[in-house]
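In: kindly generate the corresponding structure for this input.
(4 chains)
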2 protein chains.
Amino acid sequence: MIPVIHSRVPDGTVEFMKSKANEPVAARLRMLQAAQELFHQQGIHATSVDQILQRSGTGKSQFTHYFKTKERLVHEVLGQLHEWLRGDNAPVNYKVRTWDELDDWFRFFVKAQQQGGCERACPVGTIGNDLSDEQELLRQDVRLIYEWVRGQLARFFAERRAAGELAETVDPEELADFCIVIVQGGLFVGKIKRETDTFEHAVEHALAYVQSLRLK
Amino acid sequence: MIPVIHSRVPDGTVEFMKSKANEPVAARLRMLQAAQELFHQQGIHATSVDQILQRSGTGKSQFTHYFKTKERLVHEVLGQLHEWLRGDNAPVNYKVRTWDELDDWFRFFVKAQQQGGCERACPVGTIGNDLSDEQELLRQDVRLIYEWVRGQLARFFAERRAAGELAETVDPEELADFCIVIVQGGLFVGKIKRETDTFEHAVEHALAYVQSLRLK
DNA sequence: GGCCATTTGTACCAATCGGTACAAATCTAG
DNA sequence: CTAGATTTGTACCGATTGGTACAAATGGCC
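Out: Numbering: from 1, shown residues only, chains lettered A, B, ... in the order given. As a prediction, this is how the structure comes out:
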């Protein structure tokens, strides 16, 4: 039986519901989860270590023991996000294979932002945007994730082109960049303006454009 | 004769070059300028008041005297940016009137990011992205700027449509949203990846799309 | 000169930041 | 049980945060 690790109470702090047989890894996971959520909605700078500890219901000694520094925690959060996207439990299918799935991919982000009250943009982008010049390691983590997403979209477009469904003049990777910029920009503007209309309009135009490139 | 207020030394701090007749407003302007630059490249959270004071060569008492709080300083920086964009000294022409000027408008941002070493995105967006839920006043400042830019682009598209150069089915405001998302997203991704290729590809596709909507 | 508002220097504040020290508690293996 | 490693609680650290207090300096104006 899987022990209940924690459950949310209205204000976002955790209720202690550890199983009788105390699982040590749970603390680590709770901290990772809390950090990911807080980084997503506040960024790195606006999120203090103490805040993460409070939400995850852990002490400072655990933090030091499992992560040592805030920077390493960010690194692990990015690793977790990376695995999550690549895996089959991702909230949206990144491994696009049909034109319809491309539509779904775009529209998922609009819906996701709506459901989050327009308070969050891309979790990876939010972290990446807070990095300084000295944090080249973390920046590499972020780049890796972006490149993987780009690769998935580029592969799809290349497949469609090979199937004669896309003009030969279209570079799959450049079109992938276009799609990524739409999503990142839409989430960014949506978060700032606290509204999804702008994002929606951009997505509709982007989809219309991609459709206009289709051959059959 | 206009007094030399300050000049940059390599490390970014100011050299004191006050005119003999000490101008009190100069301190205020230097702080505003320093704040704008630091907010642009680091965001609000990563920029401390002391850092602004150091760069502008002013003391804490001046800061308190002219701005009282950091929040009010941000407000004034946004006001300065707003005036700057609307005025005729803006680094790029926002009052687009021809298709060529639209091209220039898009491509300016790519070039600007390149020249800044890909370390900065949009100054307004960077500030807006750092706002919390409680700072609704500052968010309104940001919205106002975005709405003005959107209005300029929408006006241009509406003009073109009235002239029969754009399909009647195209909503000028929605197309403006598309353009803004491209620029904001491109700057955002470019800053994170420290590279402008993604942005460039997105802009080329965006321009190709807009061109495809032209009727003559 | 003398007055009064504006402008500035210096010292200071409590709160929070990320991080450390170290011993006590706990789990696991023999 | 005991031994040794893992995990955790508590107290603490110097540095920095945004902001304040208050007097001294400076300015224009009469």
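
In: biggest helix in chain A, by residue count?
Out: helix A:136-162 (DSSP state H).

In: list the helices and strands that one packs on?
Out: Packed against helix A:136-162 by the contact rule (3 or more CB pairs under 8 Å, 6 or more residues apart in numbering or on different chains; DSSP states H and E) you find helix A:70-86, helix A:123-129, helix A:172-193, helix B:172-193. All C-beta spots, glycine's among them, are computed from the backbone N, C-alpha and C.

In: residue of chain A closest to chain B, please.
Out: Chain B sits closest to A:Gly185 of chain A, with a gap of 2.1 Å, by CB to the nearest CB.

In: give me the phi and psi for A:Arg214.
Out: The phi and psi values for A:Arg214, taken as degrees, to the nearest 10, are phi -70, psi 150.

In: now look at stretch A:28-46 and say if it contacts chain B.
Out: Yes - residues of stretch A:28-46 are located near chain B by CB under 8 Å from any CB of the partner chain, namely A:Gln42, A:Gly43, A:His45, A:Ala46.

In: and those, which two are the farthest apart?
Out: Pairwise distances across the residues of stretch A:28-46 next to chain B peak at 8.2 Å for A:Gln42 and A:His45 (criterion: CB to CB).

In: the longest helix of chain A to helix A:70-86, inter-axis angle?
Out: For helix A:136-162 against helix A:70-86, the angle by axes from the mean of the first three to the mean of the last three CA atoms, to 10 degrees is 10 degrees.

In: for helix A:136-162, what is the average pLDDT?
Out: Averaging pLDDT along helix A:136-162 gives 98.

In: which one is the residue nearest to the spatial centre of chain A nearest to, not counting chain neighbours?
Out: In chain A, the C-alpha closest to the average C-alpha coordinate belongs to A:Pro123, at a distance of 4.0 Å (CA atoms, centre = their mean). Spatially, and ignoring its direct neighbours in sequence, A:Pro123 is nearest to A:His40 (4.3 Å; CB to CB, 6 or more residues apart in numbering or on different chains).

In: same check, this time on A:Gly43
Out: Nearest residue to A:Gly43, sequence neighbours excluded (CB to CB, 6+ apart): A:Asp130, at 4.7 Å.

In: just checking, the one you found touches B:Gln42?
Out: No - assessed by CB atoms under 8 Å, A:Asp130 is found out of contact with B:Gln42, at 9.4 Å.

In: the more surrounded of those two?
Out: Using other CB atoms under 10 Å in any protein chain shown as the criterion, A:Asp130 and B:Gln42 rank with A:Asp130 on top: 24 against 19.

In: which positions in chain A make contact with DNA strand C?
Out: Contact residues, chain A versus DNA strand C (CB under 7 Å from any atom of the strand): A:21-22, A:24, A:47-51, A:60-61, A:63-64, A:68-71.

In: okay, now the nearest residue to A:Gly116 once chain neighbours are set aside: neighbour count?
Out: Leaving aside its sequence neighbours, A:Gly116 sits nearest to A:Gln41 (CB to CB, 6+ apart; 8.0 Å). A count of nearby residues for A:Gln41, using other CB under 10 Å, gives 19.

In: state the distance from A:Gln41 to A:Leu81.
Out: According to CB to CB, to the nearest Å, A:Gln41 and A:Leu81 sit 14 Å apart.

In: again with A:Gln140
Out: Distance of A:Gln140 to A:Leu81, given as CB to CB: 14 Å.

In: do A:Ala163 as well
Out: Using CB to CB, A:Ala163 is found at 32 Å from A:Leu81.

In: these two: who's more crowded?
Out: Applying other CB under 10 Å to A:Ala163 and A:Leu81 shows that A:Leu81 carries more neighbours, namely 21 against 10.

In: contacting residues for the more buried one?
Out: The contact partners of A:Leu81, by CB atoms under 8 Å, 6 or more residues apart in numbering or on different chains, come to A:Gln36, A:Pro123, A:Val124, A:Ile145.

In: which helix or which strand is home to the residue of chain A found nearest DNA strand D?
Out: Among all residues of chain A, A:Ser61 sits closest to DNA strand D, at 2.9 Å; criterion: CB to the nearest atom of the strand. Using DSSP states H and E, A:Ser61 maps to helix A:60-66.

In: just checking, what packs against that helix?
Out: helix A:24-42, helix A:49-56.

In: contacts for it?
Out: By CB under 8 Å, 6+ apart, the residues outside helix A:60-66 that reach it are A:Ala27, A:Arg28, A:Met31, A:Val49, A:Asp50, A:Ile52, A:Leu53, A:Leu73.

In: count of neighbours near the residue nearest to the second one when sequence neighbours are not counted?
Out: Using CB to CB, 6+ apart and skipping residues adjacent in sequence, the residue nearest A:Arg28 is A:Tyr66, 4.6 Å away. Counted by other CB under 10 Å, the residues lying close to A:Tyr66 total 18.
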